[in-house]
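# coords below, sequence missing:
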């Protein structure tokens with residue numbers, strides 16, 4: 001019974017460890033969502049905003065850089081959230097594995113205790129059966145027989161409880177194994193997502209660099225067009 005209480009305490013400790021970073025993780029997720037929405041608004045309106053400006057207007061480059069910074073902030077915030085989620089999944093998996101190890105040790109001890117209880121019960125029942133044959137000839141042993149019967153009943157009850165606890169403990173061990181598999185799968189998925197995010201960050205960074213370069217090229221072409229204008233035609237003489 002004491003060991004089961006200890007197991008419950010360990011389980012409560014696991015739940016507490018899971019709850020502690022939840023508020024921080026939720027805040028990071030909210031920040032990532034907020035920055036993603038801010039970037040989306042700026043990105044959707046970028047081309048429309050630029051279209052109303054002249055190619056060499058300084059506000060063109062400023063608008064592109066603003067969206068680029070919003071994109072970088074969005075991806076940085078998302079990476080922070082994913083890394084925090086991965087760290088939490090790793091901690092949860094480690095805590096679950098500790099519980100699995102403790103549970104395995106508990107099952108071993110409970111098996112030993114159950115075996116010992118069954119041996120004592122079998123021995124007591126044998127003594128009770130032997131005493132039953134003697135009591136019929138010696139009534140003075142009635143009290144001893146009743147006491148032994150009471151002890152035997154208690155041992156049977158303990159053996160039954162030990163069997164029930166063992167069954168529950170085996171079921172709990174199975175649930176812990178499933179939980180560990182789930183945490184490991186989540187951790188693997190988060191690691192994959194973090195790797196994909198790194199590649200996405202590089203692509204968006206390159207995109208805004210190229211978009212800024214394109215605006216500069218458009219400005220250069222516009223200036224060249226203005227500079228290289230057709231020469232005026234010579235004035236024709238008056239006809240006589």
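Alright, I've got the coordinates. Since the structure is predicted, the reported quantities are computational estimates derived from the model, not experimental observations. Numbering: from 1, shown residues only.

# beyond the lowest-mean-pLDDT helix or strand in the chain, next helix or strand please.
Using mean pLDDT, DSSP states H and E, helix 2-19 stands out as the lowest-scoring helix or strand of the chain, at a mean of 50. Counting by DSSP states H and E, the next helix or strand C-terminal to helix 2-19 is helix 22-51.

# which elements pack onto that next one?
Contacts defined by 3 or more C-beta pairs under 8 Å, 6 or more residues apart in numbering; DSSP states H and E place helix 22-51 against helix 58-135. Any C-beta I mention is one placed from the backbone N, CA and C, and that applies to glycine too.

# pLDDT on the helix it packs on, on average?
On average, the pLDDT along helix 58-135 is 81.

# now do stretch 36-45
The average pLDDT for stretch 36-45 rounds to 95.

# mind listing what's buried along it?
Using 16 or more other C-beta atoms under 10 Å as the test for burial, stretch 36-45 gives 36, 39, 42, 43.

# which residues sit against that stretch?
66, 67, 70, 71, 73, 74, 77, 78 (C-beta atoms under 8 Å, 6 or more residues apart in numbering).

# for the fifth one, give its distance to residue 213.
I take that to be residue 73. 22 Å (C-beta to C-beta, to the nearest Å).

# so those two - more neighbours on which side?
residue 73 (17 against 11; other C-beta atoms under 10 Å).

# got a list of what that one touches?
35, 38, 39.

# and those residues, which is closest to residue 205?
In terms of C-beta to C-beta, no member of the contacts of residue 73 lies closer to residue 205 than residue 39, at 13.1 Å.

# about what we covered before: what's the most distant pair in the contacts of stretch 36-45?
66 and 78 (18.9 Å).

# these two: who's more crowded?
Ranked by neighbour count (other C-beta under 10 Å), residue 66 and residue 78 place residue 78 first, with 22 against 14.

# can you tell me how far the closest residue to the more buried one other than its chain neighbours is from residue 48?
Spatially, and ignoring its direct neighbours in sequence, residue 78 is nearest to residue 32 (4.6 Å; C-beta to C-beta, 6 or more residues apart in numbering). According to C-beta to C-beta, residue 32 stands 26 Å off from residue 48.

# neighbour count winner among these two?
Per other C-beta under 10 Å, whichever of residue 32 and residue 48 has more neighbours is residue 32, with 20 against 8.

# ok, that one to residue 219 distance?
From residue 32 to residue 219 the distance is 35 Å (C-beta to C-beta).

# then residue 97?
Going from residue 97 to residue 219 by C-beta to C-beta gives 60 Å.
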